[in-house]
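> What follows is a predicted structure for the sequence shown.
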Amino acid sequence: MPDVKRLACEQLAAHAEFRRLRSIPGIEVDLRYAGADNFVGRILYGDLDCAWLHCEAAHGLECVVAWLQKRHPALRLRVLDALRPHRVQEQLWQHLEGTDLRQYLADPARGSIHSFGMAVDVTLLDRDGAELDMGTGFDDLSQLSHPDMEIQHLAQGRLSPAQIECRLILRSAMCECGFRAIHSEWWHFDFGDRDRIREHYLRIE
Ligand SMILES: [Zn+2]
């Protein structure tokens, strides 16, 4: 495994490759690991300022805002997680020790794409600011969250056509702007190829 280039979370502001989420007009931000409303049930970011992305992924989100404005002007993008420091990824990994839910997390030994500031967890808001019904909540670690099983869930009545449609709008917006969906979480998107990111980008510790 090649040497990972690392940067401490506290040094982000001094590094030109990274941008604050608040520099992206038109998005809503609600970082779930900054509060206790997450699957671990406690605050994970604490004093860490994690409202950052790599500038390339931030540029991708600007594209998503423009895409939504054009195609679905009533909808807005809400960011649920963005740059997740490696030390927090390790805590999530430890929390799921001994369960089969580790399939939903990147092994810290390889590194989460979130820790490079190149992945986001997102959903859509309606004009009243309510999250669209995607069939499950964020971080519902179950097969109902799997995009690659949606056809099956639809056929068996576990997801409605309206819920699938909401997911399709989100995926279209993200994927037309350079993000890539994954098979197991409707809310997660990587900005580009994971192996390339792991090899060439700075990992935030
Ligand atoms: Zn994610």
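Perfect, thanks for sending it.
> helix, strand or coil for the closest residue to Ala181 other than its chain neighbours?
Nearest non-adjacent residue to Ala181, counting by Cβ to Cβ, 6 or more residues apart in numbering: Arg171, 5.3 Å away. Placement of C-beta: from N, CA and C, glycine included. At Arg171 the chain is in helix, as set by DSSP: H, G, I helix; E, B strand; the rest coil.
> which residue sits closest to Arg32, ignoring its sequence neighbours?
Asn38 (4.4 Å).
> can you pull the contacts of Arg71?
With contact set as Cβ atoms under 8 Å, 6 or more residues apart in numbering, Arg71 has these partners: Ile169, Ser172, Ala173.
> how about the strands in this structure?
6-7, 18-20, 27-29, 52-54, 76-81, 119-125, 180-181, 188-190, 203-204 (DSSP state E).
> For the closest residue to Ala119 other than its chain neighbours, list the residues it contacts.
Sequence neighbours aside, Ile113 is the residue nearest to Ala119 in space, at 3.9 Å (criterion: Cβ to Cβ, 6+ apart). Applying Cβ under 8 Å, 6+ apart, one finds that Ile113 lies in contact with Ala106, Ala119, Asp190, Arg194, Ile197, Arg198.
> what's across from the residue most central in space within the chain in the sheet?
Nearest to the geometric centre of the chain sits Asp121, at 1.9 Å (Cα atoms, centre = their mean). Per DSSP bridges, the residues bridged to Asp121 are Asp81, His188.
> from what I can see it touches His188, true?
Yes - at 5.4 Å, Asp121 and His188 qualify as touching, with contact defined as Cβ atoms under 8 Å.
> near the ion, which residues of the protein?
When proximity is defined as Cβ under 5 Å from the ion, the chain approaches the ion at Asp121, His188.
> Name the residues of the lengthiest helix in the chain that come out as buried.
In the chain, with assignment by DSSP state H, the single longest helix is helix 55-71. Using 16 or more other Cβ atoms under 10 Å as the test for burial, helix 55-71 gives Glu56, Ala57, Ala58, Gly60, Leu61, Glu62, Val64, Val65, Trp67, Leu68.
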